[in-house]
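Student: Let me see the structure of the following:
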Amino acid sequence: MCYWRRVRNYYKKCGHGITLPDEEIQCDLINCKFSSTHSKDCVPPQCQRTCWQYRQYPQQYSPHIDRLCPNCEAR
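Tutor: Next up, the predicted model:
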């Protein structure tokens, strides 16, 4: 199933965090209505019975980066 990825970079040397824009991750499942491989001919009500109608819970990712954030590096 398709899902959103939420990334917040945490910079260890200054303690700041920067949240990146959410990114949509596309799956390759033909039975996911959000997938680019989902058939355009698959429409309700059949689609509602056979295909995923929602995305998975957003994946949250927070890498801890051992440096200053871009704002602090620019100073």
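
Student: From here on, just use CA atoms for contacts and neighbour counts.
Tutor: Fine.

Student: could you pull out the strands for the chain?
Tutor: With DSSP state E, the ranges of strands along the chain come out as 3-11, 17-19, 23-25, 59-61, 64-65.

Student: For the longest one, what is the distance to the chain centroid?
Tutor: Same thing as strand 3-11. 8 Å (C-alpha atoms, centre = their mean, to the nearest Å).

Student: Roughly how far does the nearest residue in space to Lys12 that is not next to it in sequence sit from Trp4?
Tutor: Using C-alpha to C-alpha, 6 or more residues apart in numbering and skipping the chain neighbours, the partner closest in space to Lys12 is Asp66 (5.2 Å). Per C-alpha to C-alpha, to the nearest Å, Asp66 is found 26 Å from Trp4.

Student: ok, the two, which is more surrounded?
Tutor: Per other C-alpha atoms under 10 Å, whichever of Asp66 and Trp4 has more neighbours is Trp4, with 16 against 12.

Student: ok, that one - contacts?
Tutor: Trp4 makes contacts with 22-25, 55-59, as judged by C-alpha atoms under 8 Å, 6 or more residues apart in numbering.

Student: what about 7 Å?
Tutor: Residues near Trp4 by C-alpha atoms under 7 Å, 6 or more residues apart in numbering: 22-25, 58-59.

Student: ditto for Gln26
Tutor: 2-3, 35.
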